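S.K.: I would like the atomic coordinates for the input below:
(2 chains)
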Amino acid sequence: MNASMTGSDAAAAGERSRAASPTAAPRRNLRAAGAVVFWLALVTLPLWLTHVGGYTALGTKILVYGIAALALNLLLGFTGGLSFGHAAWFGLGAYGAGMTLKYLAPSTPLAIVVGTVVGGVAATVLGPLVMRRRGIYFAMITIAIGQLFYFIAVRWNNVTGGEDGLAGFERAPIHIGPWVYDVQHETKYYYLVLVCFAIAVVIMKLLLASPLGHTWVAIRENRRRLQFLGVRIDLYIWAAFAISGTLTALAGTLNAMLFNFTSPQDLHWILSGNFVIMIVLGGMRKFWGPLIGVAIFVVAQDYLSSVTDNWMTAIGLLFVLIVLLFPKGLLGMLGRRGKEAA
Amino acid sequence: MQLLLFNAFNGLIQGVFYALMALGLALILSLNSVINMAHGGFLVIGAYLAYTLAPYLGFWGALVAGPLGAAVIGLIVERFLVRPLYKRPDPLYTLLLTFGLALIIEDMTRTIWGAQGLPFQIPDILNSSVSSVLFFITGYRVLVVGITLLVVLGLWLMLRYTRLGIRIRAGTLDLETVSSLGVNIYLLRALNFALGCMLAGLAGVLAAGILGLTPPMGSSLIMPSFVAIIVGGVGSLVGAVFGGLIIGVAAGITTTYFPAASDAVIYLIMLVVLVLRPRGLLGQEGLFE
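M.R.: Okay, here's the model as predicted:
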């Protein structure tokens, strides 16, 4: 397992060793071309998605969940911290944004900032409780911490709307000087989300290329060795937890404004589990793996819930099959095959 | 005062369910290294099997048959789904697998028995109050506490004195050594998994008599059981039982003064314990650190 992890890791150590290899130039061109196609596809998505049977809000949802899954993967795939409670930060972001719009001011940027800060601060404050834990214990504590906010949202009826969820707010048009960007329009909101997605991706890419990101990968690969070297790994895990939680909260704010609604389900551990399976489905050792997992999962969920009442069973079967048959995820499998061919 | 006693006693009963669940979870956690997210599912299976079999076997028969049914299904799940994953040391995969199972079991329960709550008939003798002042102490509730005490005691004796129990305890400390001494650890882990599921099934049957049966009853009981383990200390079975009782009673007492916080309070207790004593009340130092 270890050998394949280090070998297939694209983000951290791979970049440099690849530049030195003789096939570097064509590879780099291929990657650049791939990136151009990828971003072009996202920019033009509202034009073609409806023609292949989708709808714009579905694309927006994929990007929103994509931010959350990529952010969670900083912790899960790159640092090796099994967080099973990321719905907490997602939901806090959602409630933060919703309550800002409802009670504070009808300003979309303010809602995004407040929600992100609320979720980010909560993750930062609670991070020290888990940063020294490993494996099973880490997972259990994150699951349980997540549920705290779920129950607060359910019980604090008069503010959060309780079980029924928080409604009665709307994303507001953005005023930039004399211009008005009316995000109430679905396609315009998609582009706002795309901008947030791009910013989040740039932040994450920069972090992973920095010494901080390299340390995260090193913690995943050999925690004990880093400890022997005198690295305060708990602080690095805390940083991963806080950053990952903050970006997940950002996704939560965008999700609340996508539907102009948020409910305790956005805080529930089932959503946390869904995030993790999306990541595993796409491939947790690759930067873009989670996004592929999200796209497949969201489309599958959308489709299944329209054709069968037993979509929960179908999703559950998907979990079981992925774990038993595709533990490396789709990108992980493709990567391995490519290496064997070369 | 009576209201406080009433709520505290209700909390104690809840705590008994948490403790039974947490005990099974902790057994599976320490020997099988599996965070069994489907544990609530096994609780539901036990409860609904007992409900279905009660007309044929009577209440007492169902009380035995429900947990046994959960154990048998646990054995099958362990053999065909969990066992192939032991060779992957990352707990992520068993966590996701059992998570998927939890979704399937809840959904299938809803399809087979319906989404509405069902009542679980208990014998009339058990329904009457034991005392006229403390009206809330019914025979059934005394029975629940009594059965749980017996089961916990029996489990303790088994783990302490029988060959199987000693092997289970040894396996939680060092599975490789136990294996090299000639013990069939696959069988050992299978039996342990089934034992854990049986405890969940028992919690299900007992809970059905008080709370009735609903498909999501498992997922609502599983989270407090996690908290019970964290509060009691990961790796300690006694801790799991105490953790369950403590959070149950604490939630009950909170209901008296501040009903809205009764769910959140158990998570607050967990946070306080994690801050003051990170390994839990009875947890071992250095485990999973």
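S.K.: need the contact list for the closest residue to chain B within chain A.
M.R.: Here the residue of chain A nearest chain B is A:F319; by Cβ to the nearest Cβ that distance is 2.6 Å. Heads up, the C-betas are built off the backbone N, CA and C, glycines and all. Contact analysis of A:F319 by Cβ atoms under 8 Å, 6 or more residues apart in numbering or on different chains lists A:273, A:277, B:96-97, B:99-101, B:103.
S.K.: and if you look at A:N274?
M.R.: Contacts of A:N274 (Cβ under 8 Å, 6+ apart): A:297, A:315.
S.K.: which element is it on?
M.R.: Assigned by DSSP states H and E, A:N274 belongs to helix A:269-282.
S.K.: Could you check how sure the model is about that helix, as an average pLDDT?
M.R.: If you average the pLDDT over helix A:269-282, you get 91.
S.K.: Centre of the chain to it, how far?
M.R.: In terms of Cα atoms, centre = their mean, to the nearest Å, the centre of helix A:269-282 is found 10 Å from the chain centre.
S.K.: Okay, buried residues for stretch A:190-207 please.
M.R.: When burial is assessed from 16 or more other Cβ atoms under 10 Å in any protein chain shown, stretch A:190-207 yields the following buried residues: A:190-194, A:196-197, A:200-201, A:203-204, A:207.
S.K.: again with stretch B:185-197
M.R.: For stretch B:185-197, a neighbour-count test (16+ other Cβ under 10 Å) marks B:185, B:188-197 as buried.
S.K.: got it, and stretch A:208-215?
M.R.: Across stretch A:208-215, burial judged by 16+ other Cβ under 10 Å covers A:208, A:213, A:215.
S.K.: try stretch A:319-326
M.R.: If you call a residue buried by 16+ other Cβ under 10 Å, then stretch A:319-326 has these buried ones: A:319-320, A:322-323.
S.K.: one step back: state the pair within the buried residues of stretch B:185-197 that is farthest apart.
M.R.: Using Cβ to Cβ, those span at most 18.3 Å, a distance reached by B:I185 and B:C197.
S.K.: so what secondary structure elements neighbour the helix or strand hosting B:N10?
M.R.: If you go by DSSP H and E, B:N10 is part of helix B:2-32. Contact partners of helix B:2-32 among helices and strands, from 3 or more Cβ pairs under 8 Å, 6 or more residues apart in numbering or on different chains; DSSP states H and E: helix B:39-77, helix B:139-161, helix B:163-173, helix B:185-211, helix B:217-232, helix B:237-257.
S.K.: so what's B:W156 up against?
M.R.: With contacts defined as Cβ under 8 Å, 6+ apart, B:W156 has no neighbours.
S.K.: before we move on, what about B:V205?
M.R.: Contacts for B:V205 (Cβ under 8 Å, 6+ apart) come out as B:46-47, B:50, B:62-63, B:66-67, B:120.
S.K.: So which residues on the stretch 101-250 of chain A come close to chain B?
M.R.: A:126, A:129, A:132-141, A:143-145, A:147-148, A:151-152, A:154-157 (Cβ under 8 Å from any Cβ of the partner chain).
S.K.: Of the residues you listed, grab the buried ones for ChimeraX.
M.R.: Selection of buried members from those for ChimeraX, criterion 16+ other Cβ under 10 Å:
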select /A:126,129,133,134,135,136,137,138,139,140,141,143,144,145,147,148,151,152,154,155
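S.K.: and whatever residue of chain B ends up closest to chain A, what pLDDT?
M.R.: In chain B, the residue that lies nearest chain A is B:G100 (2.6 Å; Cβ to the nearest Cβ). Note for B:G100: predicted pLDDT of 93.
S.K.: Mind listing residues that contact the helix or strand A:M204 falls within?
M.R.: In this assignment (DSSP H and E), A:M204 forms part of helix A:186-209. With Cβ under 8 Å, 6+ apart as the test, helix A:186-209 has contacts from A:11-12, A:15, A:39, A:42-43, A:45-46, A:56-57, A:59-60, A:63-64, A:66-67, A:70-71, A:74, A:78, A:108, A:112, A:171, A:174, A:181-183, A:213, A:216-217, A:243, A:247, A:250-251, A:254, A:257-258, A:287.
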